[in-house]
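K.L.:
Would you be able to build a 3D model of this:
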Amino acid sequence: MKTKQETIHTIGFSLVSKLNIQLWFRLVGTFIMLNVVFLAASAVTLGVLGERQAALAVRQLEAHGLPALAESAWLSSQGLEIKPLDEPSQGILLPGELQRIFPAETRTARRLVRLPHDEEVPLFNVLDNLQYQLDLEVDGLPVAIIIHFSSAIWVLKTVFLVLLVWQLVTAIRTLASRAELIRRVLKPISDLARQTQTLSREQRPLSIAEMQALAGTLDEIDAARLDTRLDVEGTQDELKGLATAINSLLDRINESYRLQARFVSDASHELRTPIAAIQGYVNLLDRWGKHDPEALQESIDALKEEAANMKELVEKLLFLARGDNQTMQVHLEHFDLADLAETLYRETEMIDGGHEFSLEAEPAPVRADQGLVKQACRILIDNAIKYTPAGGRIRLMVSSGEEHVRFTVQDSGIGIPAEDLPHIFERFYRADDSRARATGGTGLGLSIAKWIAERHGGHLEVLSREDFGTKISLVLPRSEPQLEVVPGIGD
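P.N.:
Below is the predicted model of the structure:
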């Protein structure tokens, strides 16, 4: 199977090239036909000229007989030669029907076209020696009348050379102007292809049916059929680039649409659960909870918990929506990630007493939004607490390199299955729904942490082994604070 790149390179010519080549062949064909017509007209002209000279020579022979030696020299200078026929004629006798179109004086003559060979004559001047010979009897005497076409051929050759030069100049001018016209006409298609490629990152002229098929395919693509693609095979280079760019764009749209549909479905599911719980407890209170203190307190506690869960979910959805819309305000400042880790360590020890915490930190200067970075670190710590059994160990570590700093949370919890690792940053994704439901959460935390990391030019690194533990790191660019120089101090 060919890859997309290989398929693109198998196209021989672009549409512009094919149209230029077709134009070239059309011009050449027109010029060849014109030259053939010219040569045919020249041959007819020479034939008519030869017949007229031969008829005139026959009339002179009938009136005065064979020319004397002096007259023969003068006739030869005029391109005419008359001499007795000493041997049988090798010429062709024309059929009776065809003889009618020739002069009466030469109808019965046998005709022969000769081209004497001379190796010293240049190829361009070979036709100068063309001879037209008529063998016939004049007053019972066999004679040969030979017409030399050197003067007429010189004129025809000159005209033919002028015609060739005119054809060459016309071909060059026409190709240049038509090529520019073709590029100008196809420019919108090329521009559209380039613009579509920025949005997404053949062998024969395109027929009307292919254009209609291309437009029809685009018309058939809708939200329910985003898997439809344009046929790239057999398309010209310009339209092939456009079709490939559109297909790439459709791939991204299809993926975005799929993620959006899943996001809406998961959000609806997450909101349906607390709403159903709230509705159930409200019905409980409406029936008999008003007069049962125990049921009343249980319902109030449950309603408060579900309302808190819904508030947390809505806040996370709002956070991601602002992030997607690029409306999240990020306030950058210089601070030490080790100091932030120390604060998180103290807060976590106060909140959670069921795990063993430790902190290993070294100075790690960064320039980031401290509130957002703290939120991302808190998400990593909360996940470690949720999926680490009571009594387990959770290590917080801050390290610094030449270009990056790391905030790492390592736990001894249940770990993440290998098949789930590529999906843990997807929204609402949870490796084990039943286990996640027991520990709480919405499956949005790591998506938020990933957005925060990428918004600061960083990323997340995860190393996990099932039933052994998970190590996840927030990696941010290292940034030393700029020292301010106060004028007048130290001078």
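K.L.:
okay, now the domains of this protein?
P.N.:
With domains defined by automatic domain parsing, the chain comprises 16-165, 202-328, 333-477.
K.L.:
Any idea which of those domains has the lowest pLDDT on average?
P.N.:
Sorting the domains of the chain by mean pLDDT places domain 202-328 lowest, at a mean of 67.
K.L.:
Check the domains of the chain for me and report the most buried one.
P.N.:
Comparing the domains of the chain by mean neighbour count (mean count of other C-beta atoms under 10 Å), domain 333-477 comes out on top with a mean of 17. Where C-beta positions appear, they are placed from N, C-alpha and C, glycine not excepted.
K.L.:
how far is it from where the chain is centred?
P.N.:
Here the centre of domain 333-477 is set off from its chain's centre by 42 Å, with C-alpha atoms, centre = their mean, to the nearest Å.
K.L.:
Now the terminal residues of it, how far apart.
P.N.:
One end of domain 333-477 sits 13 Å from the other (C-alpha to C-alpha, to the nearest Å).
K.L.:
want to throw the domains of the chain into a markdown table with distance to Ile182?
P.N.:
Below are the domains of the chain laid out as a markdown table (distance: least, C-beta to C-beta, whole Å):
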| stretch | distance to Ile182 |
| --- | --- |
| domain 16-165 | 5 |
| domain 202-328 | 11 |
| domain 333-477 | 46 |
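K.L.:
which stretches of the stretch 251-400 of the chain form helices?
P.N.:
Along the stretch 251-400 of the chain, the segments classed as helices by DSSP state H, counting those that start in this stretch run 293-324, 337-351, 370-386.
K.L.:
Columns distance to Leu284 on top of these, output as a markdown table?
P.N.:
Listed next are those as a markdown table, based on distance: least, C-beta to C-beta, whole Å:
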| stretch | distance to Leu284 |
| --- | --- |
| helix 293-324 | 6 |
| helix 337-351 | 31 |
| helix 370-386 | 29 |
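K.L.:
closest to Leu80 out of those helices?
P.N.:
helix 293-324 (99.0 Å; C-beta to C-beta).
K.L.:
Counting by contacts, list what that closest one packs against.
P.N.:
The elements that helix 293-324 packs onto, with contact taken as 3 or more C-beta pairs under 8 Å, 6 or more residues apart in numbering; DSSP states H and E, are helix 237-284, helix 445-455.
K.L.:
and the direction of it versus that of helix 370-386, what angle?
P.N.:
130 degrees (axes from the mean of the first three to the mean of the last three C-alpha atoms, to 10 degrees).
K.L.:
how big is the angle separating helix 293-324 from helix 445-455?
P.N.:
If you take the same axes, to 10 degrees, helix 293-324 sits at 30 degrees to helix 445-455.
K.L.:
Quick one: distance of helix 293-324 to the chain centre.
P.N.:
Its chain's C-alpha centre lies 49 Å from the corresponding centre of helix 293-324 when counted by C-alpha atoms, centre = their mean.
K.L.:
quick one, phi psi at Glu480?
P.N.:
phi -80, psi 140 (degrees, to the nearest 10).
K.L.:
List the residues that contact it.
P.N.:
Listed by C-beta atoms under 8 Å, 6 or more residues apart in numbering, the contact set of Glu480 reads Pro365.
K.L.:
Fine by me, thanks again.
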